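no FASTA, just this:
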């Protein structure tokens, strides 16, 4: 073992849950919930928050962290179940051309600069969509294996109704602006 890095203990909705991403010399680690100290264990660093961590693959040191924050204002708080608690990152991230794409349990999709952790773009999928097949479509939590890039497109599954999260049935396709 070269190094070990603990980022919390996790909780019922996951700590490091569905997977990580690796690019060049950095491991990108999404965390849904930090959890609490285990009996007889080390105290958890209070700086750790649900979000995304860039970890140096050679040393295990945290290069940067992007802390997810709940957004429960207005109608959004009514659409996102347990909004004040379910806003972290559970699904595996995808890295494309220096950008980490990450979905949130609260239905937001993020494009985060892989070099410094700065949010470049966010998109709220927690809404109704007009589907090309005419089926009533609603976005929800982004969880599990939900983000795939192929042929210049980014595909995102939005809706995960397990464990009190926001259900939905949307498959969204994004492409870079031309």
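Everything's here; your move. As the structure is a prediction and not an experimental result, all values here were calculated from the model.

worst-scoring helix or strand of the protein, pLDDT-wise?
Of all helical and strand segments in the chain, the minimum by mean pLDDT, DSSP states H and E falls on helix 74-79, at a mean of 85.

name the residues that touch it?
Contact partners of helix 74-79, identified using CB atoms under 8 Å, 6 or more residues apart in numbering, comprise 83, 107, 124, 126, 127, 166. Using the backbone N, CA and C atoms, a C-beta is placed for each residue, glycine as well.

buried stuff in that helix?
76, 79 (16 or more other CB atoms under 10 Å).

what residue in the protein is the furthest from its centre?
In the chain, the greatest distance from the average C-alpha position (CA atoms, centre = their mean) is reached by residue 40, at 29.8 Å.

mind telling me what element it is part of?
Using DSSP states H and E, residue 40 falls within no helix or strand.

may I have the phi/psi pair for residue 164?
Note on residue 164: backbone dihedrals following degrees, to the nearest 10 are phi 80, psi 10.

distance check, it against residue 86.
According to CB to CB, to the nearest Å, residue 164 and residue 86 sit 7 Å apart.

okay, these two: which has more neighbours?
residue 86 (24 against 13; other CB atoms under 10 Å).

who touches the more buried one in this structure?
Counting by CB under 8 Å, 6+ apart, residue 86 touches 13, 80, 105, 106, 141, 164, 165.

in TSV: those, plus pLDDT and secondary structure.
Listed next are the contacts of residue 86 as TSV, based on pLDDT from 0 to 100; DSSP: H, G, I helix; E, B strand; the rest coil:
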residue	pLDDT	secondary structure
13	71	coil
80	85	coil
105	94	coil
106	95	coil
141	94	coil
164	85	helix
165	90	coil
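
how about these, which pair is most distant?
13 and 80 (13.3 Å; CB to CB).

the more surrounded of those two?
More neighbours surround residue 80 than the other of residue 13 and residue 80, with 25 against 22 (other CB under 10 Å).

quick one, phi psi at the more buried one?
Torsion angles, degrees, to the nearest 10, at residue 80: phi -100, psi 100.

with residue 163 instead?
Per-residue torsions, residue 163: phi 60, psi 30 (degrees, to the nearest 10).

what sits against the closest residue to it other than its chain neighbours?
For residue 163, ignoring the flanking residues on the chain, the nearest one in space by CB to CB, 6 or more residues apart in numbering is residue 13 at 5.8 Å. Residue 13 makes contact with 32, 33, 85, 86, 88, 90, 105, 163, 165, according to CB under 8 Å, 6+ apart.

let me see the ranges of the strands in the protein.
21-23, 26-31, 51-56, 62-67, 94-96, 99-103, 108-113, 119-124, 128-130, 136-138, 147-150, 153-158, 170-174 (DSSP state E).

mind checking the end-to-end distance for stretch 54-73?
Using CA to CA, to the nearest Å, one end of stretch 54-73 lies 29 Å from the other.
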